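A.B. asks: pasting the sequence and the predicted coordinates here, then a few questions.
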Amino acid sequence: MRPWSLRMLLIAWLLPALGACAQASGPNFGIAMSRSATSSSPDRAAIAVIDAPSNLGLRPPRPGVEPGVRRMPDALRAAGLVQRLRGRDAGRVETPAYSPEPDHIIGFRNGAALRDYSQSLADRLSPLLDGEEFVLVIGGDCSVLLGSGLALRQRGRYGLAFVDAHDDFSYARDRKRYQGYFTAAGLDLGLATGHGPPALTDLRGQSPYFQARDVVHLGLVLEEGDKSDYEFESFERSGIHSVDAHAIRRDGAAVAGRAARSRLEAMPTQGFWIHVDADVLAERVMPAVDSPNPGGLDFEQLRALLAQLLASPQAVGMELTIFDPDLDPDGRLAKQLAETVAGAFEDSGRWPSSAVTSAR
């Protein structure tokens, strides 16, 4: 044992005095010290991670088979995402049973279950949003946006960065043919902006959860038949600002992300939410999704794009959706997705590098 230095003697002398000051200042003294040490400002938020393993918004991949996206939270946790982010485990919102049958009353598969689950998810998210933590939702399919959107709308007006290769807004032209068979994961942005049955779009009288002019869509890839088979003109007229995947590749993902962030920060909102569909990645790098596309982004581009969005103190949370572990038997893609997300948090500069452990 080393002999005490002069510094240690001074510390030993000062500690009793500090303790007396704490007692004299009352019970709030220690709380104030703690908040100061961890910083309560929005740009130093801790991360609360909550699982939303819903597959209610998808059609069955094959007769008698449930969509495997319900295992997404388990797969990303097994890949170490929560540990890498040093996130606080905020639990799990279990889903009702999946049914492949049509719902002709609401018009969407699992319509009643989606109505109930969205409200349960919103109720779990509300206290997290009331705190000072950044909220990370691990889905689940894209329909979890209804729960997130409801939770946010109950607080006020929020913007939305919607990162997805599909517009998720345009209904099929032959609506009668698909009535009862519509899937909320393919129309979540339309529903969240008030287009669809009130049972899903107007929960608790809060429609729309996001105003169309408060949405920035990032990563759109149009494929053959999209304009002829779907009411794509409704998306074009919606007021949603769209930056497609081609423009992101042309201008650079970081540039596109900064521009989207600036646009979202300039909106008269209380902050914004980030929605990420894994199918924004090109099929060559991410085939483990229900609707892969050939013209999406690569992992590096998604990381750079998200880093710019996450850098904003006005970003209050993010949800990850659609990755299907059933299509990733060796877990390689789960690790790459976890690495991309963790890297985006670190690159954002909003969280100190020491707060996000290396994903490598």
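C.D. replies: Great, that's in hand. Residues are numbered from 1 along each chain as shown.
A.B. asks: give the next helix or strand downstream of the worst-scoring helix or strand of the chain on mean pLDDT.
C.D. replies: Among the secondary structure pieces of the chain, namely its helices and strands, helix 28-38 has the lowest mean (mean pLDDT, DSSP states H and E), a mean of 28. Once the chain leaves helix 28-38, the next helix or strand it forms, by DSSP states H and E, is strand 47-52.
A.B. asks: so what touches that next one?
C.D. replies: With CB atoms under 8 Å, 6 or more residues apart in numbering as the test, strand 47-52 has contacts from 73, 77, 81-82, 85-93, 95, 121, 124-125, 128, 131, 133-140, 144, 147, 319, 345, 351. (C-beta placed from N, C-alpha, C; glycine too.)
A.B. asks: list the residues that contact A334.
C.D. replies: Contacts were defined as CB under 8 Å, 6+ apart; by that measure A334 touches 75-76, 78-79, 323, 325, 328.
A.B. asks: in ChimeraX, select just the buried ones from the contacts of strand 47-52.
C.D. replies: Taking 16 or more other CB atoms under 10 Å as the burial criterion, the selection of buried members of the contacts of strand 47-52 in ChimeraX is written as:
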select :73,77,81,82,85,87,90,93,95,121,124,125,128,133,134,135,136,137,138,139,140,144,147,319,345,351
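A.B. asks: which one is Q301 nearest to, not counting chain neighbours?
C.D. replies: With CB to CB, 6 or more residues apart in numbering as the criterion, Q301 has its nearest non-adjacent residue at 4.1 Å, and that residue is A253.
A.B. asks: so that neighbour sits right up against D298, yeah?
C.D. replies: No - counting by CB atoms under 8 Å, A253 sits too far from D298 to count as a contact (9.1 Å).
A.B. asks: quick one: which of these two has more around it?
C.D. replies: In this comparison of A253 against D298, neighbours counted by other CB atoms under 10 Å, the higher total goes to A253 at 23 against 15.
A.B. asks: do you know the pLDDT at the more buried one?
C.D. replies: Looking at A253, its pLDDT stands at 98.
A.B. asks: quick one: it and G139, what's the gap?
C.D. replies: Shown here: A253 relative to G139, a distance of 22 Å by CB to CB, to the nearest Å.
A.B. asks: swap in P63?
C.D. replies: Applying CB to CB to P63 and G139 gives a distance of 24 Å.
A.B. asks: and what of L297?
C.D. replies: From L297 to G139 the distance is 19 Å (CB to CB).
A.B. asks: now Q314
C.D. replies: Counting by CB to CB, the gap between Q314 and G139 amounts to 22 Å.
A.B. asks: now do the helices in the stretch 201-350 of the chain.
C.D. replies: In the stretch 201-350 of the chain, the helices defined using DSSP state H, counting those that start in this stretch lie at 226-229, 232-236, 245-251, 253-265, 299-310, 332-347.
A.B. asks: same list, those helices, but as CSV with distance to P197 please.
C.D. replies: Listed next are the helices of the stretch 201-350 of the chain as CSV, based on distance: least, CB to CB, whole Å:
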stretch, distance to P197
helix 226-229, 21
helix 232-236, 16
helix 245-251, 30
helix 253-265, 28
helix 299-310, 31
helix 332-347, 32
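A.B. asks: so which of the ones you listed gets nearest G159?
C.D. replies: Comparison of those against G159 by CB to CB identifies helix 253-265 as nearest, at 4.7 Å.
A.B. asks: which other residues reach the closest one?
C.D. replies: In contact with helix 253-265 (CB under 8 Å, 6+ apart) are residues 159, 161, 216, 218, 241, 243, 247-248, 272, 297, 300-309, 311-312, 314.
A.B. asks: which residues in the stretch 101-250 of the chain form strands?
C.D. replies: For the stretch 101-250 of the chain, the strands defined by DSSP state E, counting those that start in this stretch cover 134-139, 159-163, 215-220, 241-244.
A.B. asks: could I get the ones you listed as a markdown table with distance to V280 and mean pLDDT?
C.D. replies: As requested, these are exported to a markdown table (distance: least, CB to CB, whole Å; pLDDT from 0 to 100):
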| stretch | distance to V280 | mean pLDDT |
| --- | --- | --- |
| strand 134-139 | 14 | 98 |
| strand 159-163 | 5 | 98 |
| strand 215-220 | 4 | 98 |
| strand 241-244 | 11 | 98 |
